[in-house]
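Chemist: Give me a model of this one.
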Amino acid sequence: MKTKQKSSYNRLVTALSLLLSVLICLSCNDMQHKKYSELTDNDYKHENDTISGDTVYFKTAEIADEHQAFNKLNVQQEIFIKDCLTSADSLIRSYIHGVNINNYTPKTLDKLIDEWNVDSTKFQCEKEHFVNIVGFAFGQYLVKEYHMYWTIVTDEEGKEYATKIDGVDFLNFPLNSVLKAIDQHREGSLNTISLLTKRDIEKLRNSK
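Modeler: Below is the predicted model of the structure:
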C-alpha cells in the first residue's frame, strides 16, 4: 500500500501525519492553494500550543481540496491490523518495562521510535514491519482514546490506512506518522499528534 501524508476537506481539518503535525485550513476556497506535494518550506507557518499541560510545536499550511473516497476495511485488512497489534504487544513488552498493549501510550511508542533511530539493528524486524507494528498501535490508541475508527482512504496518490471520526471532518494517517518520525528522526512526535488530535476534535465539535 502506498505511503502518503495528506488530508483535504472543505472545512478546518487536521492532517497529523505532516511533519510533527500540519493543520490544513481550506476555509478560503476562493484562493488558489497548492497540492500537498507542491508545498515548500516557505509555505509552512510555525505554531505552538499548550494542551493538557504540554507545549507542542507544529507547522501549518493550506492545500488545495482533492477528492477522497473512504471504504470500510475488509476481513483481510482487519486480520492484518490484529496481527500487527499482537506483534506490537510483544515489541512493547520487550523494550519498555511494565508496559503492554493494554496500557501503552503514544509516549511509549515514541520511546520505541527513539530506540530504533539510535540503533535499528537490535530490533528483530525490517523497517516496514516496524512501521506497521508501531503505526497500527498508534492508530489503535487514537481509535480507543478519541472514538475514531479505521478506514481506507483512496485518492489520486493511492490508498492508505487512516483513522477517522464521525461527526467532524477529521483524519489521521498513523503509519505515515511513524514513517516520518523515523525518516526525519523526530522525538515525541506521536505524543504531539495525539495531543493535537484531542484539541482539534474538541474544536471541530464545538464549532458545529
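Chemist: where are the low-confidence patches of this protein?
Modeler: Filtered on pLDDT under 70, the chain yields the residue ranges 1-39, 56-66, 208.
Chemist: what kind of secondary structure is Lys159 in?
Modeler: Classification of Lys159 into helix, strand or coil gives strand, according to DSSP: H, G, I helix; E, B strand; the rest coil.
Chemist: how near is it to Phe70?
Modeler: The spacing between Lys159 and Phe70, counted by CB to CB, to the nearest Å, is 11 Å. Glycine gets a C-beta too; all of them are placed from N, C-alpha and C.
Chemist: These two: who's more crowded?
Modeler: It is Lys159, of Lys159 and Phe70, that has more neighbours when counted by other CB atoms under 10 Å, with 14 against 11.
Chemist: which residue ranges form the strands in this structure?
Modeler: 13-15, 22-24, 45-51, 54-61, 69-71, 149-155, 158-164, 171-172 (DSSP state E).
Chemist: now those as TSV including distance to Lys203?
Modeler: What follows is those, written out as TSV (distance: least, CB to CB, whole Å):
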stretch	distance to Lys203
strand 13-15	9
strand 22-24	10
strand 45-51	11
strand 54-61	14
strand 69-71	22
strand 149-155	20
strand 158-164	17
strand 171-172	15
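Chemist: Out of those, which is closest to Thr108?
Modeler: Minimum separation from Thr108 across these (CB to CB) falls at strand 54-61, 15.4 Å.
Chemist: Need the residue closest to the centroid of the protein.
Modeler: The centre of the chain sits closest to Pro174, judged by CA atoms, centre = their mean, with a distance of 3.2 Å.
Chemist: thinking again about what came up before, joint contacts of Lys159 and Phe70?
Modeler: Common neighbours of Lys159 and Phe70 (criterion: CB atoms under 8 Å, 6 or more residues apart in numbering): 152-153.
Chemist: Next one: Arg93 from Lys159, what distance?
Modeler: Relative to Lys159, and taking CB to CB, Arg93 is found at 31 Å.
Chemist: swap that for Tyr104, please
Modeler: According to CB to CB, Tyr104 and Lys159 sit 27 Å apart.
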